[in-house]
Every structure is written in structure tokens, then in C-alpha cells.
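# Fold the following for me, if possible:
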Amino acid sequence: MGQLGHIIHVAVVVFSLPIWWEVKGRPEYGPRPRILLLSVIVFALAGVPAYVWQFPDVAATESGLFFVVTWTLFLYYLALTLLEYSVHTQRIRDSFLIEDFRTKVRRAVGYALPMIFAVIASTFAFGLEVGGIAFLGTLATLSRILLLVGIITAAGYAALDLFSFQAGVLRTRRYPFIVYLAAGILFFLSSLLFLDAPDLRLTVILSVLFAYRLYGEYFSRRLRNMDGLLERRQQEADVRNRLVDRLIHNPVEQDHLMVRNMVDETLEQSAQEIITPQHRITGAMMYRRVNDTLMVDSPELISGFCTPLYEIAHPRRQRRDNLARLIQKDTYDMKELTGTVPTEGKPFGFRLMREAVNTGEISKLDTIPEAYRGIHNLIAAVPVVDQGQIRGVIVVFKDEFHDLFPQERKRLQQFAEHLNTVFSIMAGKGAQEERNRLKGELDIAQQIQTSIVPQEIHLDGYDIGSIMTTASEVGGDAYDFIPTRDGNYFAIGDVAGHGLPSGIMALIHIAATHGAVEAAKAFEREIPVATLYNAVNRVLCSINRDRIGSDKFMTGNYLMHRNGSFAHAGTHEIALVYRASEGKVQQLTDTVNKTAFMGVSDFIDATPSVGEVSLAPGDVLLLYTDGTIEARNDEGEQFGLDRLGTSLEQHASLTGDELVRAIEQDVREFAEGGDLKRHGGRFADDVTLVAIKKQSSGAADSSEEA
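Below is the predicted model of the structure:
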């Protein structure tokens, strides 16, 4: 080979080992590193015959020439063939074509038999000549011809047939083998036909080809693959962004159709990428998680020929629309799938879904159920996962093959990622649609609540103002005014908490109050405030506690105005009375902690809470709910009863409506950096104010004249 040839050969071996070591540490290469190492070892051994040629005893024999040439070419070709196999073995196995490949190997061995025979014959001849028995010239010529046939047969038919089978599985570029063959023929011509010393420098070409192939497949191509991976990820991000944009602007009723188009496109692409299109996926259906249930919630989520995941009679005779209805009825409870529910007696779909949901990996049925044999050869489930949470499951069917090709798995996993985005947005849009619906209903409830309380309260000799600001769409506060022949009833109450349940109880409270007063009027009897409190309490206990099953309760005061004074009963907040003659506020403690709350017990008696208060001209009786005095500023300090009294003193000269609005504004300014900031401009609790101001006799007369 010459000094240069030896150096290049050793250099290629040294160059190959680090690449093998790098490949060895990467699990994605599978069995390829072992075959690669074997090819490097054989390549290293290919330099041994050339080294042996340098010995005088070998070079002096004609059979030594055959020995060196045949072994050199045989080992080079074997090393190059093993290298090619290491490049393609993973793709062969992943494509389920290993049996086809083994058939090709057996045929390649048959093609290579002349070369193998030439190797054996050259070794035998060399051994005889070294032992003193020389070959005749005719036999030597025949050996050269046989060797030529062996080279052409092995390098041509064996290699090309072996690595070009099933076009599309392996790379179909044949130029490496053509170059290998050309180098071998040149080597043969220069070494044997001209009966000269073998021009082993031509093996440098094969060494360079080996290094080039190794570098190109295990280093250069890996870098290109990394660049391609980054590009594909960018493309995936672009596709996802476009998908999100389309979904956001897509009408809700067309979302399922969009998913159908996506799955049809995915199945078409995967069918184009696999080797045998007849083995493509023939049907797919998308189960979407709605709350804790997996379901196919639209026929548009079914593509191709699909059947329910349980056995049905005569599936071939079923119409597709009927199959779709059966599929939509087949739902799966996530708690059962992730729990310890036994699978005995469950349909095969339960086992398939459970494995996919619990492993987060693609699962398939080991055995096709009897009813579907001959219809399906594969039923597999692909989970749609979002940060460990199951968003849905894609179920796919095949009628001609028993497994998924790598290209199909890749496409399905990409589709599952996109479907995760789609399902997330669909869930968000559904939730938003539900919120909009609920908000509309809450707006109606708020309108009912705000309209059911009196908008204006008229009572001769008094200027009355009222205001109610809810902390949410529906509040838990209530106030009322009911004039009767015997007296005029006032009511104020506060249900624990706020929101729709509290609002419902507040409405029941108002309805019960009106019912009790109207019943008394029908019987031409007066209903004392304590009796009114007890009656409404029993209604709340009966309806709210016993029928609705709510644990809500409420505080409240009833007042009845008659002959210039106010009788009151109940337990609520400390009422405030502004005394104009003194210019000070008096706390009316008789309105708090005198009886039990309403809605707690049927046996409440409000008689001990009965009291009476009278107002002089200019005096103001202020009723309120706890949201007023419990509003907090940025330091967490409450508005409190003292600040409420101060605000009442400052604004007592205003009219009733002006007075309650001014007090509400004081509370709002106090809580601006606290509750209002924390709750998006709302109070933490409902704020209700009712101000009853006794007019002077002149003002009362003017009012009556008006």
C-alpha cells in the first residue's frame, strides 16, 4: 500500500473511533453503534493483507498476489457493507421490513458466493505455494477470472440489491456502491490482469470513501438534522400561532369542522409518507375531555370508517351515521379511568383508554375483538396531553396492518400537540360562552334585585333616601318599604356573603315580607314587627334551609312607623340617629344582638328585640348594612362606625337622596386604595344605606301642597 496508504488507513480508523464513541452514547441510535463498531473493526483488518504483502516471502509468490488482493477487497467490501447497514438498520426495523431485508441478505450472500470462493481459493493456493506446491499458469488465470466475476457479482448485485429494496424506506442514492465497484475493478485490473504487484494505493480510494460515508451519515447529517429540527420547530410554532389565530376568530359552531379538516389532512400526509399506502390509517375519532368525561361530542370529530369501542352485532351492516351515533354515546369517566375500577366486564375500549390515559403514551389493542376481526387489524389510542393533564384521546383504526409506522406515530404526535391547543381554546371559548350566558342571567338577576327594592320611598313628613351598591352582579342586601292603613313598614337585611345564593335569599326575604304584610291586610289585622320577623324567619327556614339546602342566614331589622314613632324588632347593625337639636349622632344599640339571626331556627322569638325610636324635625335615622362600616383602606383599616357617624353629621343638612350618596362617596374615597383597588372597583361586600329624615312642619306642608 505504501507508506502513505498505511498512514491514511490508520488515520481513518483513528478518525472513526471518536465518532463511534459519540454515537454510542445516544440512545436514539438504537443498535446502530454495535454494527458501526463492527464495520470499523473489519475496516481495520482490511489493512492487514497489504501489510503482509511487504514480507519478501509473500511478495515472491504468485499466489501471494491473489491472497492479498482477494482478502483486501473482501474485507473492504464487507466493512463498507456493514457501514451501510449501520446507517439503515434503524429505518429498516422501524418500517417493519426486517423480514424483507433478511430475504435480501440471503440473496446477497448467494450473489457473493463467487467472491467468497475466490477468497477461500486464494488462501488455499497461497498455503500450497508456501508449502512448495506452485499453481500452474492456467489455474492462476482461471483464478483471476473467477475473482473478477466474484468482484463484479458481489459488489454489483449484492450491494445494490441489498440497499435499494423497497424504494423510499432507505435512501436510494446508489453512487456510493458505484464508486466502490469502480475502485475495486481498477484495483483488480492493475493488480491481476497485468500480473504486477498489487497497486494497493487504489485502496486509498476505498478508505476515503469509508471515512466520507461515516462522516456524512454520523456527523454532517446529524448537524443538518439539528438545523432541520430547529427549522421544523419554528414551522411548528408558526403553524400553532396561525392555528390559534384561526380558532380565536372562528365561530364556535365551526370549531369541530376545523378539527375534522385537521385530522383529514394529517391522515393524508401520513399515507403519503409510509412505504405501503395500503397500510394507511383508515379511520380516526377524537375524544375530547369535557369536565371529567371523555366523549366524541360531535359527528365531525369522526373521520373515515370508525366503530364504537365495544362489540356490536353485525358492524359491517351498520350505516355510518348510526355508527357515529353509537360512538357519541360511548363516553368514559376520567375518575374511573384513573382509579382502581376493575376492568372485568368492561368493554375493550375501557382497557385501551385506561392504558393511554395512565401512561400518556400511544397504546394499542393486543387482540382485536371477535366482532371486528376482518374489519380492523389495528385499534390504537393516542393521548392528547397538556402538562400531564389529559385533554383528549385520538383513536385510530387500520384494516390492512397491525401497527403504526414511525412516520404515522410522528404525525399523530404532532397532531395531538395541535389538538391540545385546539381543545384548550375550545374549552376556553366554551367557558367564555358559558360565562357570557351566566353573566347575562346574572345581569337579569341584578336587574330583578335592583328593581324589586323601592326606587323612591314617600312618607308624609319625611324625606327618605336609599342606595344599594352590590359587591358582585347579585348582592345579598335587601331593603323595603310597605305602606299600609295601620302603619308603614320598613325593612333592611343582609344575607351572609354575596353573590347569587345570597341574592336568592334576599329576594325570598322581600317576597316573604310582602306576603306576611299582605296576609295581615287581607285579614284586616295589624302585624307587629316582632311577629313579622318571626313569620319571615320561618319562611326562610322552610324554603332556603329545608328545600334549597343552603346554609345561608341573614340579619335584619323591621320598623313600623305610626303616630310619629318607629317600632323596631330584629338583630342587625347599630342604627344611627342624628339629633339636629344637638348636632350629634346617637347610636341606637337596641337594633343589634337582641334576637337570633333569620334562617337559623324555626323557634326564634323576636319579642325581646322590640324597641321604639322617635324623630324630631331635622333628625335623621340611618340604617345600613355591614359592608358600609367594614370597607377597608390600603392599610387594612375599616371605615368603622365612628367615621360613619362623622359622615352623617357632616351631610345631615342634605336631602335624603343627597345624604346617602354623600355617605357612599365618603366610604368609596376611604376604600379607594384598599378594597376598591383589590376588587376591581367594587366593594368587598354590599353597601346599602337608608336615611329617614324628619322634616320640619313647614317643609312637610310644602311637600303636601306640591
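# how's this structure carved up into domains?
2-225, 264-432, 453-705 (automatic domain parsing).
# so for the second one, what's the average pLDDT?
Averaging pLDDT along domain 264-432 gives 89.
# and it, how far apart are its ends?
End-to-end span of domain 264-432 (CA to CA, to the nearest Å): 28 Å.
# Touching, G618 and A580? I think so.
Yes: using CB atoms under 8 Å, G618 is in contact with A580, at 2.9 Å. Using the backbone N, CA and C atoms, a C-beta is placed for each residue, glycine as well.
# Touching both of those two, which residues are there?
Listed contacts common to G618 and A580 are A652; contacts here mean CB atoms under 8 Å, 6 or more residues apart in numbering.
# would TSV of the domains of the chain with distance to G440 and mean neighbour count be doable?
Listed next are the domains of the chain as TSV, based on distance: least, CB to CB, whole Å; neighbours: other CB atoms under 10 Å:
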stretch	distance to G440	mean neighbour count
domain 2-225	54	17
domain 264-432	13	17
domain 453-705	10	19
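# Put together CSV for those domains, with distance to L438 on each row.
As requested, the domains of the chain are exported to CSV (distance: least, CB to CB, whole Å):
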stretch, distance to L438
domain 2-225, 50
domain 264-432, 10
domain 453-705, 9
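# mean pLDDT for those domains: which is lowest?
domain 2-225 (a mean of 69).
# hmm, back to that, for the domains of the chain, which one sits closest to I444?
domain 453-705 (9.7 Å; CB to CB).
# Tell me where the stretch 251-400 of the chain has strands.
Applying DSSP state E, counting those that start in this stretch to the stretch 251-400 of the chain gives strands spanning 283-290, 293-295, 302-304, 332-333, 363-364, 378-386, 389-398.
# quick one: which of these is nearest I482?
strand 283-290 (47.6 Å).
# Show residues contacting that closest one.
Counting by CB under 8 Å, 6+ apart, 259, 263, 267, 294-297, 301-306, 327, 332, 334, 353, 390-397, 419, 423, 426-427 sit against strand 283-290.
# any chance you could map the strands in the stretch 451-600 of the chain?
Going by DSSP E, counting those that start in this stretch, the stretch 451-600 of the chain shows strands at 458-459, 462-469, 477-483, 488-495, 554-562, 565-571, 575-579, 584-588.
# For P369, find the nearest of the ones you listed.
Here strand 488-495 is closest among those (CB to CB), at 57.1 Å.
# Show me what the closest one is packed against.
strand 477-483, helix 500-522, strand 554-562, strand 620-624, strand 687-694 (3 or more CB pairs under 8 Å, 6 or more residues apart in numbering; DSSP states H and E).
# okay, the strands of the stretch 251-400 of the chain in a markdown table with distance to D666 next?
Formatted as a markdown table, these follow (distance: least, CB to CB, whole Å):
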| stretch | distance to D666 |
| --- | --- |
| strand 283-290 | 49 |
| strand 293-295 | 52 |
| strand 302-304 | 63 |
| strand 332-333 | 55 |
| strand 363-364 | 66 |
| strand 378-386 | 49 |
| strand 389-398 | 48 |
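# Select, out of those, the one closest to Y624.
Comparing these by CB to CB, strand 283-290 comes nearest, at 45.3 Å.
# Measure how that closest one sits relative to strand 389-398, angle-wise.
Following axes from the mean of the first three to the mean of the last three CA atoms, to 10 degrees, one obtains 160 degrees for the angle between strand 283-290 and strand 389-398.
# Can you list the strands that strand 283-290 pairs with?
strand 293-295 (antiparallel), strand 302-304 (antiparallel), strand 389-398 (antiparallel) (DSSP bridges).
# Now distance to L641 too, for those, in TSV please.
Shown next, in TSV, are the strands paired with strand 283-290 (distance: least, CB to CB, whole Å):
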stretch	distance to L641
strand 293-295	52
strand 302-304	66
strand 389-398	49
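# For T484, find the nearest of the ones you listed.
Using CB to CB, the nearest of the strands paired with strand 283-290 to T484 is strand 293-295, at 54.8 Å.
# Does L659 touch V690 like I think?
No: if you go by CB under 8 Å, L659 and V690 don't touch, sitting 10.3 Å apart.
# what's the overlap in contacts for the two?
G465.
# what's the spacing between A522 and A516?
For A522, the distance to A516 equals 11 Å [CB to CB, to the nearest Å].
# can you check Y77 too?
107 Å.
# List the residues that contact L83.
Taking CB under 8 Å, 6+ apart as the test, what L83 contacts is 36, 39, 43, 210, 213-214.
# same deal with K521?
So K521 contacts 484-485 (CB under 8 Å, 6+ apart).
# Could you dump the contacts of L83 into TSV and include distance to R107 and secondary structure?
Shown next, in TSV, are the contacts of L83 (distance: CB to CB, whole Å; DSSP: H, G, I helix; E, B strand; the rest coil):
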residue	distance to R107	secondary structure
L36	24	helix
S39	21	helix
F43	24	helix
F210	24	helix
R213	23	helix
L214	26	helix
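# quick revisit: so which of the domains of the chain gets nearest E441?
domain 453-705 (8.8 Å).
# could the strands of the stretch 451-600 of the chain be laid out in a markdown table, adding distance to G503?
Formatted as a markdown table, those follow (distance: least, CB to CB, whole Å):
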| stretch | distance to G503 |
| --- | --- |
| strand 458-459 | 26 |
| strand 462-469 | 11 |
| strand 477-483 | 9 |
| strand 488-495 | 8 |
| strand 554-562 | 12 |
| strand 565-571 | 20 |
| strand 575-579 | 24 |
| strand 584-588 | 28 |
